[in-house]
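Trainee: sequence first, then the predicted structure:
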Amino acid sequence: MYVSTGKPRRCRLRRATLAVGVAALLAPSGLQGQQATQGLEGAWLITEVATAGPGPRTVSSPQPGLLLFTGNHYSYTLVTAEQPRRNPPRGLATVEDMLDVWNPFSANAGTFEVSGNSMTRRPIVAKNPDTMAPGAFNEYTFRLSADTLWVTTVGTEGGPSRNPSTVRYVRVR
């Protein structure tokens, strides 16, 4: 049974067409971020670090590092030194011994969001308390090709990165 709303059928058809068109235009942008997030899911091993700026350099055999993505959460741990860390002496270690072991290590975890090829990470817990301060964030651009991920530092809440680095990861099988 047809019930008239008092409006011409052509007007209702235009509105329906407009609504479908707007939904179609908006859907890909939402899906694009969702697809990128899903493409990041999993565990990634660090394989190279290239730093720009004065004295640019590339470390082709970096120390171990692991980046994890699941849902909208991330976690990473990595050794930032170019050489393996030495073991602290058995027994009573000096402050210098402990700093040699602890300083070249970085770790934090929190939430992340993706928009196009940009990623913002918001640490919840970190080795460095400043990293998890209220309002702290890290911005990156990224490129994903099959099982290789390149992540480039853009900046933090403090401003743009002075010497951006690009880290290459490979997906762990």
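Mentor: That came through, no problem. As the structure is a computational prediction, the values presented were derived from the model and not from experiment.
Trainee: does residue 81 touch residue 104 like I think?
Mentor: Yes. Counting by CB atoms under 8 Å, residue 81 touches residue 104, with 3.5 Å between them. Bear in mind the C-beta positions are built from the backbone N, C-alpha and C, glycine included.
Trainee: quick check: neighbours shared by these two?
Mentor: Common contacts of residue 81 and residue 104 (CB atoms under 8 Å, 6 or more residues apart in numbering): residue 63.
Trainee: middle-most residue in this structure, spatially?
Mentor: The C-alpha lying nearest the average C-alpha coordinate of the chain belongs to residue 119 (CA atoms, centre = their mean; 5.0 Å).
Trainee: mind listing what that one touches?
Mentor: By CB under 8 Å, 6+ apart, the residues touching residue 119 are 112-113, 139-142, 151.
Trainee: count the residues that sit near residue 99.
Mentor: Residue 99: 12 surrounding residues under other CB atoms under 10 Å.
Trainee: so which helix or strand takes in it?
Mentor: Assigned by DSSP states H and E, residue 99 falls within helix 95-102.
Trainee: gap between that helix and the chain center?
Mentor: 29 Å (CA atoms, centre = their mean, to the nearest Å).
Trainee: extract the CA atoms of that helix and return them as CSV.
Mentor: In CSV, the C-alpha atoms belonging to helix 95-102 read as follows (Å, rounded to 0.1, in the frame of the first residue of the first chain):
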residue,chain,number,x,y,z
VAL,A,95,75.6,3.3,38.3
GLU,A,96,77.7,3.5,35.1
ASP,A,97,77.4,-0.2,34.5
MET,A,98,73.6,0.0,34.8
LEU,A,99,73.4,3.1,32.6
ASP,A,100,75.4,1.3,30.0
VAL,A,101,72.7,-1.4,30.0
TRP,A,102,69.6,0.7,30.5
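Trainee: so what strands line up beside the helix or strand that it is followed by?
Mentor: Next helix or strand after helix 95-102 toward the C-terminus (DSSP H and E): strand 105-115. Applying DSSP bridges to the sheet, strand 105-115 is found paired with strand 73-79 (antiparallel), strand 118-126 (antiparallel).
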